[in-house]
Structures are given as C-alpha cells and as structure tokens.
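Asks: what follows is a protein structure lacking sequence information:
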C-alpha cells in the first residue's frame, strides 16, 4: 500500500496553495487563518499554514475543504480540483480528467459531511 507522500507531492501542493492564497489577496497567513476560521469554522494556526505551504505538514481533508471554500468559493471548485490533480502521483495523473474529477468528487462528499458537522457543532456552541 502506498503512503500518502508517494501519492501526493505535498511540497508542490503547499507551493500551489500559497500561490492561490496570495492570488486571493491574503498576503499574510495570519489574515488567511482568520478568514478560514470566520468563513468555515475550521481553526488552523498560522504556524500550521506555514508548514503546509512548505510541504512539511500534510493537510487534513477538512482543511483542504476549508481552503477551497475560502480561496475559490466552494468545496467543489474546479481550481482546487486542478491543484490536487497537479500534485497527484504519475499513476493518478494518467487517469483522464473526467475520471479524476469523479474520484475527487466522491471524496469531496466526505469533506462536505465534515464541514456540516463543524457547522452544526459551531451552531450548538452559540
């Protein structure tokens, strides 16, 4: 069984996420971390964001969902799908784009469920 680092180039993923963050107008990870928390309820520290952007820490699936919501307006944003596709191992990249999109979309269902759970917990705490 392949490890996550054999399937996904986390250094490249981090660099692409950093580029997307800056393109979205978040020049500092502090402001980006605040936006993630405000818009999604996902708490993440600036230190964790730095580590993810340098490829030193693997992002959790719900964090990727939160990044997609904040940077691109939704979990299923084609921009995030393209970023994830670009960071996949060669074997996964050889799949046609439609198949890859469907595969990521099925995984995204898990992300949506986690985001809903977070939103529910946030509402209960208010």
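Replies: Here it is on my side, so go on. On a predicted model such as this, the values are computed, not experimentally measured, just so you know.
Asks: give the buried residues for stretch 8-15.
Replies: By 16 or more other C-beta atoms under 10 Å, the buried positions in stretch 8-15 come out as 8-10, 13-15. Where you see a C-beta, it was placed from the backbone N, CA and C, and this is true even at glycine.
Asks: for stretch 57-74, same thing?
Replies: Neighbour count says stretch 57-74 has 57-59, 62-72 buried, by 16+ other C-beta under 10 Å.
Asks: ok now it, how far from the chain's centre?
Replies: For stretch 57-74, the separation from the chain centroid amounts to 3 Å (computed by C-alpha atoms, centre = their mean, to the nearest Å).
Asks: identify the residues contacting it?
Replies: With contacts defined as C-beta atoms under 8 Å, 6 or more residues apart in numbering, stretch 57-74 is touched by 4-5, 8, 10, 13, 17, 20-21, 24, 32, 35-36, 39-40, 42, 44, 48, 51-52, 75-80, 84, 107-108, 110-112, 114-115, 118.
Asks: kindly write the PyMOL command that selects the buried subset of these.
Replies: One line in PyMOL is enough to select the buried members of those, burial here meaning 16+ other C-beta under 10 Å:
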select buried, resi 8+10+13+17+20+21+24+32+35+36+40+42+44+48+52+75+76+79+80+84+108+111+114+115+118
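Asks: name the nearest residue to residue 51, sequence neighbours excluded.
Replies: Excluding the flanking residues, the one nearest residue 51 by C-beta to C-beta, 6 or more residues apart in numbering is residue 57, at 3.7 Å.
Asks: ok, the one you found to residue 123 distance?
Replies: Computed with C-beta to C-beta, to the nearest Å, the distance linking residue 57 and residue 123 is 29 Å.
Asks: got it, and residue 44?
Replies: Distance from residue 44 to residue 123, counting by C-beta to C-beta: 20 Å.
Asks: got the phi and psi for the residue nearest to residue 51?
Replies: Note on residue 57: its backbone torsions stand at phi -140, psi 130 [degrees, to the nearest 10].
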